[in-house]
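Q: Below is the sequence, then the predicted model.
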Amino acid sequence: MTILTKIVEDKAKRIPEWKEKYEDLEVPNVKRASFIAAIKKSSDLAIIAEIKKASPSKGVLSENFAPLKIAEAYEASQVTCISVLTDEAFFQGGFPILDAVSDKVATPLLCKDFIIDPIQIKMAALHGASCILLIAAILEKEELVQLKNVADKYGLDTLVEIHNEDEWEKIKDLSFPLVGINNRNLHTFEVSLTTTLELVDAVKYSGALVISESGIFTRSDVELVAKAGVDGLLVGEAFMKTDSVATLKEEFSVRKELRV
Ligand SMILES: O=P(O)(O)OC[C@@H](O)[C@@H](O)c1c[nH]c2ccccc12
């Protein structure tokens, strides 16, 4: 059994409890900061900076984890969007963190979780997200369509994540406007930026915006994926471990013209 299977199994166990808690709540019709619009509008390659206390591959990344301080530093450094881990069991995140961050900053927020049921999308909407993540590796094509429709209903954008050619084949005719290429294999934790280089052309050709996710640590990593043509980066660990968010944000900033 891989870690991804374990995470999804754990998620499935929690769904009934969440349904009971959230099913009768109404999602208020609030105006959300648009995640996709922010990525399009940015004159630099978009930087999605992540708030992640721990991960199954790396353990605890931040001993004195202070999510609101991190969120404020991200906003002050003008990152394009912020990703908030809401998985508790494996990433030590949570919906209360998303909620508190959304009260604090106006930057559009991604609810970073392993979504397998519409109730989780409702929770994302109730806790201030602008965008949800759908992971092609854990969802059937029909489920991806259904969950995307639920996100649309709540006015949330969707970032759909792929890691290989098969997953791209699964989603390519579904017209997702925002596609993440995860450089990390969620079954083995192996990370390689080559994943982005291999998939970026096909995804771009479809007209989708492309985000390179995971394993980006240096300016040369950024330039490698930038030159390959991505529209943005999703960076977790490097930001969680830096002494200066502002300096790292500067170091990772590149003009969109650098893309081919
Ligand atoms: O910390 P990194 O290597 O910069 O990675 C960030 C982000 O891409 C990673 O956290 C991630 C990508 N896809 C996910 C799906 C679920 C949980 C986490 C993730």
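A: Noted; the coordinates are in hand.
Q: residues in contact with Ile15?
A: Ile15 sits next to 116-117, 119-120 when contact means CB atoms under 8 Å, 6 or more residues apart in numbering. The way it works is simple: take the backbone N, C-alpha and C, and place the C-beta from them, glycine included.
Q: Look at it and report its pLDDT.
A: The model reports Ile15 with a pLDDT of 98.
Q: And what about it, helix, strand or coil?
A: For Ile15, the assignment made with DSSP: H, G, I helix; E, B strand; the rest coil gives helix.
Q: What's the local residue count around Leu147?
A: For Leu147, the count of nearby residues is 21 (other CB atoms under 10 Å).
Q: returning to what we had before: which one of the contacts of Ile15 has the most neighbours?
A: Gln120 (23 neighbours).
Q: residues in contact with the helix or strand hosting that residue?
A: Using DSSP states H and E, Gln120 falls within helix 118-126. With contact meaning CB under 8 Å, 6+ apart, helix 118-126 is reached by 11, 15, 18-19, 22-23, 25, 27, 86, 95, 98, 111, 113, 115, 132, 146-147, 150-151, 154-156.
Q: Those, buried ones only, as a ChimeraX selection?
A: Only the buried members of these enter the following ChimeraX selection, criterion being 16 or more other CB atoms under 10 Å:
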select :11,18,22,27,86,95,98,111,113,115,132,147,150,151,154,156
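Q: For Asp157, see how far away the residue in the chain positioned nearest to the ligand is.
A: As assessed by CB to the nearest ligand atom, the ligand sits closest to Gly236 within the chain, at 2.7 Å. Per CB to CB, to the nearest Å, Gly236 is found 19 Å from Asp157.
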